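1. Model the following, please.
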Amino acid sequence: IRVLELQPGNAGEPLHALLRPVSIHKPPSYNAISYVWGSSERSALLHLRQGTLAITASAEVVLQHLRRPNHSIVLWLDAVCINQDDTVERGEQVARMADIYHGAKDVIVWLGAAEPGDHLAFWTVELLADFYL
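-> Now for the predicted structure:
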């Protein structure tokens with residue numbers, strides 16, 4: 001598989017990362033990201049050592065949000081770590097997704113940027129969880 005080492009930066013700055021292959025059996029510590037894909041149009045840029053990769057706006061938002069100002073982080077993000085233009089690779093990697101998510105240190109679920117009223121949804125979930133526990 002490939003992992004993405006997202007380089008440090010501040011909000012709004014261009015995204016820079018290293019994309020590197022690793023063994024699925026002995027990967028480095030990484031966080032897998034599950035997120036809402038949104039539009040498939042690749043309108044944003046991710047700057048890699050190998051060149052520039054066009055990514056979706058939703059992938060850009062996730063990476064901008066997760067990026068840290070002072071240190072890099074290692075991530076697995078399907079839209080970047082799987083070659084979306086290679087149908088054979090995409091099929092092979094999708095078949096391994098359970099292993100990829102299982103091997104992650106943490107799985108980050110990104111539902112989008114915070115919106116007014118979101119706190120009510122989280123409050124409701126907590127209330128229901130307390131009720132059922």
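
2. quick check: longest strand of the chain.
-> Counting by DSSP state E, the longest strand found in the chain is strand 15-21.

3. for this protein, what spans make up the strands?
-> Remark: strands assigned in the chain by DSSP E are 2-6, 15-21, 31-35, 44-48, 51-55, 73-76, 106-110.

4. Figure out the length between the terminal residues of stretch 93-100.
-> Terminal residues of stretch 93-100 are spaced 9 Å apart (Cα to Cα, to the nearest Å).

5. what's it in contact with?
-> Here stretch 93-100 makes contact (Cβ atoms under 8 Å, 6 or more residues apart in numbering) with I1, I24, A32, W76, D78, C81, I82. Backbone N, C-alpha and C define where each C-beta goes, glycine included.

6. returning to that earlier point: quick one: contacts of the longest strand of the chain?
-> 1-7, 9, 44-50, 53, 60, 63-64, 67, 80-81.

7. run the last query once more with 6 Å
-> R2, L4, E5, L6, Q7, L46, H47, L48, R49, L63 (Cβ atoms under 6 Å, 6 or more residues apart in numbering).

8. Over to stretch 44-53?
-> By Cβ under 6 Å, 6+ apart, stretch 44-53 touches P14, L15, H16, A17, L18, L19, I55, A57, E60.

9. could I get it in PDB with only the CA atoms?
-> Output of stretch 44-53 as PDB, limited to C-alpha atoms (Å, rounded to 0.1, in the frame of the first residue of the first chain):
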ATOM      1  CA  ALA A  44      -7.400  21.100  -5.800                       C
ATOM      2  CA  LEU A  45      -3.600  20.300  -5.800                       C
ATOM      3  CA  LEU A  46      -1.400  18.200  -3.600                       C
ATOM      4  CA  HIS A  47       2.300  18.800  -4.100                       C
ATOM      5  CA  LEU A  48       4.400  15.700  -3.900                       C
ATOM      6  CA  ARG A  49       8.100  15.100  -4.500                       C
ATOM      7  CA  GLN A  50       7.100  13.200  -7.700                       C
ATOM      8  CA  GLY A  51       5.000  16.100  -9.000                       C
ATOM      9  CA  THR A  52       1.600  17.600  -8.400                       C
ATOM     10  CA  LEU A  53      -1.400  15.500  -7.900                       C
END
